[in-house]
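*Asks:* Please work out how this folds:
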Amino acid sequence: MNPPLILASKSPRRKEILQDLGFQIQVFHSNIEETSDPDSRTLEEKIISIARKKAKAVVVQIDMKDSKDIIIASDTAVCLGEEILGKPKNRKEAIEMLNKLSGNKHEVITATVIIDNNRGSYYEAASITIVNFKELKEEVILEYLDKNVYLDKAGAYGIQNNGDWLIENIEGDYFNVMGISVAKFLEYFKIYYNREISTKTLIKKHENAIRKLRSDGDNNEQTFSK
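*Replies:* Here you go, the predicted structure:
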């Protein structure tokens, strides 16, 4: 049986992914200002520092002394060169972001921070997925935004929400773009629990989208090596 998890996020997508991996989830919203540590030098360090803040904010909300739970926090950023595209404040900003991404390659960086009192361990890592956008016509952008699936999404899009309208292909972990690095999560359990977590339910639910968007020569199944 998998240990219980505390998710330091109110993201329904992250919760759904972890549940599909067979975990019971308790959600705590960290309520932090999502700004990076000023000492962070790289984009990866900036995103990790935000996830670290989320995890530590939840630690102070609960009594960790006798807890057997594992806290997991994630933060996801869409990066076009050195520019970080956050969540749009309104439709105008969303249009601007999608026009910037149109026809370009960008990185989605997702940081994972895990605090495990049961093992006395602390883990942090960043995972990068490369996303290649199609050349987007104005009517496609406007029709996509009409579906109102962009306001809580970094870069103004969700790969699981008609993502194939916008995306030509991806290189890396599909779920990384949804907001949680399954690859790093599985790595943690392999290292600290020597346990293989079944991804069958998760892959089954998203296999059609994965097959459409993978570009690494293995379009039949999701891999977690990147």
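*Asks:* mind pulling up the phi and psi values for His206?
*Replies:* phi -120, psi 10 (degrees, to the nearest 10).
*Asks:* Chain neighbours aside, what residue packs nearest to Ser40?
*Replies:* Lys46 (4.2 Å; CB to CB, 6 or more residues apart in numbering). C-betas here are computed from N, CA, C, even on glycine.
*Asks:* The one you found - that's part of a strand, no?
*Replies:* No. According to DSSP: H, G, I helix; E, B strand; the rest coil, Lys46 belongs to no strand; its state is helix.
*Asks:* Quick check: it touching Ser36?
*Replies:* Yes. Counting by CB atoms under 8 Å, Lys46 does reach Ser36; the two are 3.7 Å apart.
*Asks:* re the thing from before, let me see the contact set for the residue nearest to Ser40.
*Replies:* Shown in contact with Lys46 (CB atoms under 8 Å, 6 or more residues apart in numbering): Ser36, Asp37, Ser40, Ala77, Ile84.
*Asks:* Also Leu145?
*Replies:* So Leu145 contacts Arg91, Ala94, Ile95, Leu98, Ala156 (CB under 8 Å, 6+ apart).
*Asks:* Over to Ile95?
*Replies:* Ile95 is in contact with Ile141, Leu142, Leu145, Ala156, counting by CB under 8 Å, 6+ apart.
*Asks:* Beyond the helix or strand containing it, next helix or strand please.
*Replies:* For Ile95, the host element (DSSP states H and E) is helix 91-101. With elements assigned by DSSP H and E, the helix or strand that comes after helix 91-101 is strand 105-116.
*Asks:* Relative to Ile48, how far out is the closest residue to Lys100 other than its chain neighbours?
*Replies:* Spatially, and ignoring its direct neighbours in sequence, Lys100 is nearest to Leu80 (5.9 Å; CB to CB, 6+ apart). Here the criterion is CB to CB, to the nearest Å. By it, Leu80 lies 19 Å from Ile48.
*Asks:* so where is the protein shaky, pLDDT-wise?
*Replies:* Along the chain, the parts satisfying pLDDT under 70 run over 63-68, 215-226.
*Asks:* now the helices for it?
*Replies:* For the chain, the helices defined by DSSP state H occupy 12-20, 43-59, 91-101, 138-146, 174-178, 182-193, 200-213.
*Asks:* Which stretch among these is buried most, on average?
*Replies:* Counting by mean count of other CB atoms under 10 Å, helix 174-178 has the highest mean neighbour count of these, with a mean of 26.
*Asks:* got the contact list for it?
*Replies:* Counting by CB under 8 Å, 6+ apart, 13-14, 17, 76, 108, 110, 127-129, 131, 158-160, 163, 170, 181-183, 202, 206, 209-210, 213-214, 222 sit against helix 174-178.
*Asks:* mind listing what the residue lying closest to Met178 once chain neighbours are set aside touches?
*Replies:* Of all residues not flanking Met178 in the chain, Arg13 sits nearest, at 5.2 Å (CB to CB, 6+ apart). Contacts for Arg13 (CB under 8 Å, 6+ apart) come out as Gly158, Gln160, Met178, Gly179, Ile180.
*Asks:* Relative to Lys204, how far out is the residue most central in space within the chain?
*Replies:* The structure's the chain has its C-alpha centroid closest to Gly179; by CA atoms, centre = their mean the separation is 1.6 Å. The spacing between Gly179 and Lys204, counted by CB to CB, is 19 Å.
*Asks:* before we move on, what about Leu5?
*Replies:* 21 Å.
*Asks:* just Ser102 next, same as before
*Replies:* 32 Å.
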